[in-house]
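**Q** Take this sequence and fold it.
(2 chains)
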Amino acid sequence: MEHKRLTLFAGHYGSGKTNIAVNYALRLAREGKAVCIADLDIVNPYFRTKDSAKVLEEAGVSLISPQFANTNVDLPALPAEAYRLVTDRETYGIMDIGGDDRGAYALGRYVPGILEENDYRMIFVANCYRPLTRTPEEAMEVMREIEDACKLKFTDIVNNSNLGTETTAETVTASAEYMEKLSKLSGLPIFATTAVENVAKQLPEEFSPVLPLQLQEKYFDLPSQKPGNRPLWG
Amino acid sequence: MAERVLMKGNEAIAEAAIRAGCRHYFGYPITPQTEIAAYMAKKMPKIGGVFLQAESEVASINMVYGAAATGCRVMTSSSSPGISLKSEGLSYIAGSDVPALVVNVQRGGPGLGGIQPSQSDYFQATKGGGHGDYRMIVLAPASVQEMASLTIKGFNLADKYLMTSMILADGTIGQMMEPISFEDAEIETYEKPWALTGTECKRKHNIVNSLYLKPDELEVKNFERYERYKIVEENEPMWEEYMMEDAEICVVAFGIASRVAKNAVVAARAEGIKVGLIRPITLWPFPTKALRAAADKVKAFVSVELNMGQMIEDVRLATECKRPVSLCNRAGGMIPSPEQVLESIRKAQKGE
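**A** Next up is the predicted model:
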């Protein structure tokens, strides 16, 4: 997996951008790189990069997050510090961008600097099991809306097709045709396929490179969704 | 196997509503339920439906009232402060006996409060909120699948009993993502001879109204309405029982609190405490009979809520205060941890 200095994750809301951005940052850190991740989500005040603050800190990844993230202030403002991702060219930067075109507006202000340096990967995160992007054509529509909003073209696709806790290797392999078509329609390569670690191990060669994901346990996970517990919830 | 999709709770409500035949959505944005409106805005124009962002919550609920009077399936959605604004309209809809679906994805209160999850609109949803004698059917989903299935159920019940069905969710269930399917959904349809559909000069005109000039006529209407409510109370309570067979302690929790409580029940069982859970799925009608029956078997109840103790009053009423009921709660957008619930279970077991 060849890395660019800047990696931007955008896509339909709920496509998995934040999880992938966090895991990709951790991977870069494990490879010994200086990494900074910025939460540029101005749309959704729930479930954000800051939820992973502890694991990022332990891995030595610096985190830039809106001042009011995870508080009761629903203020779509970005910290001035976020410019550091564009200006500090010694550090690998990762941007987690809010969902859909609405989220992508926030990226626009950084685009001139990104284009000038021209060492970036703008990744469209796609999950074929999301209801509003059930067809490659619908995903293309979202892709174009995002590009129009932020004035930056996508360069790659990440296949994050999953059904949450029900994801199996078959869930991922069944996405092949969809992703092939999306790749053809957009003219963009599949940069990687993602899956939770135990599923990632089972994926056939054609899906490589695979980015294995570690997901955080959440307080509302049911007994049946916790590893090692027998299914209890009907 | 039914087709599975990965959905947010809010999206599941919107998609389920569309599948239930809802083609009219009137709303006004507020966190944490905005995905419902966003989904409707995207989908309704493609299927010949109406998505309208009104100038306010008050306007949107009155649009719901108007559309409901024509007999079509119609909905609105909001979060706590927005539901307060809609409460006048909810009373008018109840007073006119027309069916509607209203979604409240609760956030912390009172006042402007916050945007984090809460269950502090239990009183508002189950006891009134608006003025006058009326009830709403209140459905409390605890998973994304239930966000979908209870939305469809809500439309069915609203049409059946000419009432408002309210989906009482919270910010977490609205925002979290789980795999679900829609294939099993049973969509019922009802004749609506009362609806304002145009007489074409072939029948006497219908009237939808909540104003009565003579108090005795208004009284009759109220008595008739409560006869209908009695049938709902008899036929429609829904609840889930979990590990209740040999339980000595009964945890009562709905929605997101029930998921935390379930983990605590599993942990307490591992310590040898005989504990079970009753999860009300309908908050009105409240599953009184299930709670009353449990009161003959268990020695104490623990009510787990994301508020200062609201459902606990109904637990005490349902159990006729036969057993002690303690409260395990967080408020203001905070959520109890399984450990906190476990500690409450331990205390109840010791009779503290």
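
**Q** What strand or helix carries B:Asn156?
**A** For B:Asn156, the host element (DSSP states H and E) is helix B:144-161.

**Q** Is chain A within reach of that helix?
**A** No: against chain A, helix B:144-161 shows no contacts by Cβ under 8 Å from any Cβ of the partner chain, the least distance being 8.9 Å. Placement of C-beta: from N, CA and C, glycine included.

**Q** Which other helices and strands does that helix contact?
**A** strand B:5-8, helix B:9-19, strand B:100-106, strand B:137-139, strand B:164-170, helix B:171-175, strand B:177-180, helix B:215-235 (3 or more Cβ pairs under 8 Å, 6 or more residues apart in numbering or on different chains; DSSP states H and E).

**Q** just checking, next helix/strand downstream of the second one?
**A** Yep, that's helix B:9-19 we're talking about. Next helix or strand after helix B:9-19 toward the C-terminus (DSSP H and E): strand B:24-27.

**Q** Would that next one count as contacting chain A?
**A** No: on the criterion Cβ under 8 Å from any Cβ, strand B:24-27 is out of touch with chain A, staying 15.6 Å away.

**Q** Extract the C-alpha set from that strand and format it as CSV.
**A** The C-alpha coordinates for strand B:24-27 follow below in CSV (Å, rounded to 0.1, in the frame of the first residue of the first chain):
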residue,chain,number,x,y,z
HIS,B,24,-46.4,13.1,2.8
TYR,B,25,-43.7,14.3,5.1
PHE,B,26,-43.7,17.7,6.7
GLY,B,27,-40.8,18.6,9.0
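
**Q** starting at the chain centroid, how far to it?
**A** Relative to its chain's centre, strand B:24-27 lies at 18 Å (Cα atoms, centre = their mean, to the nearest Å).

**Q** can you check stretch A:120-139 too?
**A** When C-alpha coordinates are averaged (Cα atoms, centre = their mean), stretch A:120-139 and its chain have centres 11 Å apart.

**Q** What residues sit buried inside that stretch?
**A** Across stretch A:120-139, burial judged by 16 or more other Cβ atoms under 10 Å in any protein chain shown covers A:120-133, A:136, A:138-139.

**Q** Among these, name the ones in helices.
**A** Counting by DSSP state H, the buried residues of stretch A:120-139 place A:136, A:138-139 in helices.

**Q** Switch these over to a markdown table; also include pLDDT and distance to B:Lys8.
**A** Listed next are those as a markdown table, based on pLDDT from 0 to 100; distance: Cβ to Cβ, whole Å:
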| residue | pLDDT | distance to B:Lys8 |
| --- | --- | --- |
| A:Pro136 | 97 | 21 |
| A:Glu138 | 96 | 16 |
| A:Ala139 | 97 | 17 |
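
**Q** what's the closest of the residues you listed to chain B?
**A** Minimum distance to chain B across those is 9.7 Å, recorded for A:Glu138 (Cβ to the nearest Cβ).

**Q** Could you pick out the residues of chain B near chain A for me?
**A** Residues of chain B lying near chain A (Cβ under 8 Å from any Cβ): B:4-8, B:11, B:15, B:31-32, B:35, B:38-39, B:42-43, B:108, B:113-116, B:143, B:171-172, B:175-179, B:240, B:242, B:256, B:259-260, B:262-263, B:266, B:333, B:335, B:337-338.

**Q** Now the buried members of those residues.
**A** B:4-8, B:11, B:15, B:31-32, B:35, B:38-39, B:42-43, B:108, B:113-116, B:143, B:171-172, B:175-179, B:240, B:242, B:256, B:259-260, B:262-263, B:266, B:333, B:335, B:338.

**Q** how close does B:Leu283 sit to B:Ala169?
**A** Noted for B:Leu283: a distance of 11 Å to B:Ala169, by Cβ to Cβ, to the nearest Å.

**Q** Tell me which of those two has more neighbours.
**A** A direct count of neighbours by other Cβ atoms under 10 Å in any protein chain shown for B:Leu283 and B:Ala169 places B:Ala169 higher, at 33 against 25.

**Q** which residues touch the closest residue to that one other than its chain neighbours?
**A** Leaving out its chain neighbours, the residue that sits closest to B:Ala169 by Cβ to Cβ, 6 or more residues apart in numbering or on different chains is B:Val105, at 4.9 Å. Applying Cβ atoms under 8 Å, 6 or more residues apart in numbering or on different chains, we find B:Val105 in contact with B:9-10, B:32-33, B:36, B:77-79, B:169-171, B:173-174.
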